[in-house]
Every structure is written in structure tokens, then in C-alpha cells.
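Student: Okay, here's the prediction I keep looking at, along with the sequence it came from:
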Amino acid sequence: MTQKIETNVIKPEVSFMENEIEQLILTSENESALDSKIQEINDYMNNNHGKGKTSEEKDELYKNSQILWQELAVVLRDAKYNFHLNRKQYKFLTDLILKTLEYDVNSVFFAIELTELLGGMKGAKYSNDDDLVAFPVNATEITYIYHLISEYKIKGLTNNAYYFAQVLRRIGTISKVFNYYDATAKNLSTTIQDWVVSFEDGVSAPTKDIESEVVESEPNN
């Protein structure tokens, strides 16, 4: 009898309500691709075991699990998240990055890497100050934005201070979703190793039942 392998972390909300409209942080297509790949890996481990198999068969099981995990890593790397900004938040952020911030030998390369993203954002059109426009970003881009603006200091509780806080919160919502999938992928990598160890006689695969907050790395607000 095989033990069911589960690798769980708490999944954050992938949408929020604003202006009475559901705003997706992660598109349904990207969410489905990530969730289905995670499920595929879990199903593969639950439906296969190495007991009584030859060394070659065990090696093949491990090889296939690694292929599935690498596919998950690629989907996670390429996933796009919606960076929602209204007109005032958008103007604050683009002015900050393009006109206000000073760059040193390290940060200038972060800024240059964002050239394509900012070029795409430049053509954004707003009809009012309330509607949100979703800018597709990957995890690297949103991390670069965070690192660039995290050193910025603003004096007093001016309107720009509120826009600054709102932009940081938007970055934080994306960070939480990415951190969930990143933590899940890392947990799966460990679970795969435990599963492979269980191929040996007298060793059982530990049942994973992890229900804890994802430890969030920067950016997170």
C-alpha cells in the first residue's frame, strides 16, 4: 500500500475587488498551467513506486519526475502577473523610475532591464483616475521594480506618499502569489527526493501535509 504524497502551502487570493470589478493578479490561463503541473507531479508520485523494480526502472521513474519538475520551473519562470495601476499610480511610478530616481553602478542595470516593460507601459491610455490598467510582468520584473523604488524616500504625507504606498501594496499582492508557487515548487523538489528514497526496501515515503504561511521574501508589503 502506497502513502499519498501531498505538498501543500496556503494559496493566497489571486484576485481582488476594486471599482466593483474582479481584478485578476494571475490570469486564469497562468493559474491553470501552474496548478495542473503541480497536480501532475503529485499524481505521478502517488501512482508510481519503486518497490520491486530494477535499478533501471527506478532511474527512469526519477528521471521522469525531474522532467516534470523542470517543466513546472519553466512555467513558473514564464508566468505573467497583472500589475494593476490607476492613472495617478501609473504616473507616479513611471515618473519616479524615468525621471526622479538616481542610479548607482548596481541599480542602473535593474533600470535598464526594465526598459522594454516601461516602453510598453508608456502607451497606456486612461479615461479617468479610477479605472485600473493591468500591466503584465514576470517575477523578475516586479522584483526589479521593488528594488529600484524601495530606497526612495518621500517627505511628508503628500499625495505622492499615498501613491507610493499603493504601488508597494500592488507589488506585495503579486509577491504573495509568486512566493506561494515558488515555495510549492521547492517543497515538491524535496518531496521528490523523499519519494525516491522510499524506493529502497524498508523505507516509506513520508506523508507531506504542510499547512503553513509561505515565508515571503522581498518584495512583500
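Tutor: Yep, it's here. The structure presented is a predicted model; accordingly, all values stated were derived computationally and were not measured.
Student: helices or strands next to whichever strand or helix holds residue 56 in the packing?
Tutor: With elements taken from DSSP states H and E, the one containing residue 56 is helix 55-78. Judged by 3 or more C-beta pairs under 8 Å, 6 or more residues apart in numbering; DSSP states H and E, helix 55-78 is in contact with helix 28-46, helix 159-197. For the C-beta atoms, the positions are set from N, CA and C on the backbone; glycine is no exception.
Student: how far away is the closest residue to residue 26 other than its chain neighbours from residue 148?
Tutor: In this structure, residue 26 finds its nearest non-sequential neighbour in residue 14, 4.4 Å apart by C-beta to C-beta, 6 or more residues apart in numbering. Between residue 14 and residue 148 the computed distance is 25 Å (C-beta to C-beta, to the nearest Å).
Student: same question, residue 160
Tutor: In terms of C-beta to C-beta, residue 160 sits 16 Å off from residue 148.
Student: what about the residue nearest to residue 30 when sequence neighbours are not counted, how many neighbours?
Tutor: The shortest distance from residue 30 to any non-neighbouring residue, by C-beta to C-beta, 6+ apart, is to residue 79 (4.7 Å). Per other C-beta atoms under 10 Å, the neighbour tally for residue 79 reads 21.
Student: Please apply the same query to residue 19.
Tutor: Applying other C-beta under 10 Å, I find that residue 19 has 10 neighbouring residues.
Student: Against residue 66, how distant is the nearest residue to it once chain neighbours are set aside?
Tutor: Distances taken as C-beta to C-beta, 6+ apart put residue 130 closest to residue 19, at 5.9 Å, once the chain neighbours are dropped. Distance of residue 130 to residue 66, given as C-beta to C-beta: 48 Å.
Student: show me the contacts for residue 34.
Tutor: With contact set as C-beta atoms under 8 Å, 6 or more residues apart in numbering, residue 34 has these partners: 26, 72, 75, 76, 79, 181.
Student: let's see it at 10 Å
Tutor: By C-beta atoms under 10 Å, 6 or more residues apart in numbering, the contact set of residue 34 is 14, 26, 72, 75, 76, 79, 177, 180, 181, 184, 185.
Student: Restrict the helix or strand bottoming out on mean pLDDT in the chain to CA atoms and write it as CSV.
Tutor: For the chain, using mean pLDDT, DSSP states H and E, the weakest element among its helices and strands is helix 115-121, scoring a mean of 86. Listed next in CSV are the C-alpha coordinates belonging to helix 115-121 (Å, rounded to 0.1, in the frame of the first residue of the first chain):
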residue,chain,number,x,y,z
THR,A,115,13.4,49.3,-20.5
GLU,A,116,11.1,47.0,-22.5
LEU,A,117,8.5,46.9,-19.8
LEU,A,118,8.5,50.6,-19.3
GLY,A,119,8.3,51.1,-23.0
GLY,A,120,5.2,49.1,-23.2
MET,A,121,3.7,50.9,-20.2
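Student: list the buried ones in it?
Tutor: For helix 115-121, a neighbour-count test (16 or more other C-beta atoms under 10 Å) marks 117, 118, 121 as buried.
Student: pLDDT of the following helix or strand past that helix, averaged?
Tutor: For helix 115-121, the succeeding helix or strand toward the C-terminus, using DSSP H and E, is strand 133-137. On average, the pLDDT along strand 133-137 is 95.
Student: Does the helix or strand just after strand 133-137 pack against any helices or strands, and if so which?
Tutor: The helix or strand immediately downstream of strand 133-137 is helix 139-149, counting by DSSP H and E. Applying 3 or more C-beta pairs under 10 Å, 6 or more residues apart in numbering; DSSP states H and E, we find helix 139-149 packed against helix 55-78, strand 81-85, helix 87-95, helix 107-113, helix 115-121, strand 133-137, helix 159-197.
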